[in-house]
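# Generate coordinates for the sequence data below:
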Amino acid sequence: MTAYSEWSQGISLSGFRVDIADGVKLHLLDDVSTWEAGDRIVVASTDYSMYQAEELTLLRCPECSRSQVKVKEIPQYLHVGEIIDGIDMRAEVGLLTRNIVIQGEMEDSCYAENHCQFFDYDTFGGHVMIEKNFTSVHLSYVELKHMGQQHMGRYPVHFHLCGDVDSKGGYSQPASVDGLSVHHSFSRCITVHGTSGLLIKDTIGFDTLGHCFFLEDGVEQRNILYHNLGLLTKPGTLLPTDRNSSMCTVMRDGVFGNYVPVPTTDCMAVSTFWIAHPNNHLINNAAAGSQDAGIW
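Residues are numbered from 1 along each chain as shown. Modelled structure (predicted):
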């Protein structure tokens, strides 16, 4: 089986096949020769359940070609690696490992007022907030793990009321997020709030709570989301649209007055890409598994 992709080594998306006779070998279309033994990858689900996405560990493979890798684990699910009846069913594959890691410190279980009625694990992670009047922000090839909190304004990467961050704001180069790996996050992936002209490219968001790539208020414009991958986007508690049916009926935060929300119309809209203004550019992105919507 062949597989497609024009994706860079930072986040390679491809279909694959498995050879078990000589270890578990994945056949990709991309050149992934920079990937190293010990790196972690994720293979997207190609079935109806997003929970069939699988994390795998790379092994040393001197006999592999530039588009092959060998993994330690035996995949538990079928991941399609071909076009079937004209429909592209090939699985996306993303590299999670980076040399620089920003990681939240985790407790053994959920505690205090962190919505423990919904989560049996600690959801209080770290966060990176970028505010206006900076000289330059170019964040590239960093791994962010256990970041974000189920509290408003606390996200793995948060551009907060930065205004225009491209030439309109006087910047010769737009502020950018390039090649990030955001995974096992407790509140979104990249949040763009009151910020316009930002470039987000080659970034993976995997196993996260709430809208993943999130343009918050509807005033954000001219932002470019290029060649990003999001998968396993799960419900969170922050906004009604983030919530699943049980959260929707129990929680009153963010609900107007005495209105009782109806889950099927007011909630249950968690999305991998949440775009609130049409004057933004989504180019060659992949939404490969969300509780409710891929792109909203």
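
# which secondary element of this protein has the worst mean pLDDT?
Least confident element among the helices and strands of the chain, by mean pLDDT, DSSP states H and E: strand 18-19 (a mean of 58).

# in stretch 44-63, what counts as buried?
Residues of stretch 44-63 classed as buried by neighbour count (16 or more other C-beta atoms under 10 Å): Ala44, Ser45, Thr46, Met50, Gln52, Ala53, Glu54, Glu55, Leu56, Leu58, Leu59, Cys61. Any C-beta I mention is one placed from the backbone N, CA and C, and that applies to glycine too.

# my read: Glu216 touches Ala276, true?
Yes. The pair formed by Glu216 and Ala276 meets the contact definition of C-beta atoms under 8 Å, at 7.1 Å.

# between those two, which one's more packed in?
With neighbours defined as other C-beta atoms under 10 Å, Glu216 and Ala276 compare such that Glu216 has more, 22 against 14.

# The protein: helices as residue ranges?
For the chain, the helices defined by DSSP state H occupy 245-250, 263-266.

# so which of the ones you listed is the most packed in?
When the helices of the chain are scored by mean count of other C-beta atoms under 10 Å, the highest mean neighbour count falls to helix 245-250 (a mean of 16).

# Just list what that one packs against, helices and strands only.
Other elements packing on helix 245-250 under the criterion 3 or more C-beta pairs under 8 Å, 6 or more residues apart in numbering; DSSP states H and E are helix 263-266.

# shaky segments in the chain?
Residue ranges of the chain with pLDDT under 70: 1-23.

# Closest to the centroid, which residue in it?
Nearest residue to the geometric centre of the chain (C-alpha atoms, centre = their mean): Gly205, 1.4 Å.

# ok, for that one, nearest residue in space, not its chain neighbours?
Nearest residue to Gly205 in three dimensions, chain neighbours excluded: Cys189, at 3.3 Å (C-beta to C-beta, 6 or more residues apart in numbering).

# next one: Leu56
The shortest distance from Leu56 to any non-neighbouring residue, by C-beta to C-beta, 6+ apart, is to Val71 (4.1 Å).

# Tell me, how many residues neighbour the closest residue to Phe206 other than its chain neighbours?
Nearest residue to Phe206 in three dimensions, chain neighbours excluded: His183, at 4.2 Å (C-beta to C-beta, 6+ apart). Using other C-beta under 10 Å, His183 has 25 neighbouring residues.

# cool, and Leu231?
Residues near Leu231, counting by other C-beta under 10 Å: 27.

# Can you give me the distance of it to Met247?
To Met247, Leu231 is 21 Å away according to C-beta to C-beta, to the nearest Å.
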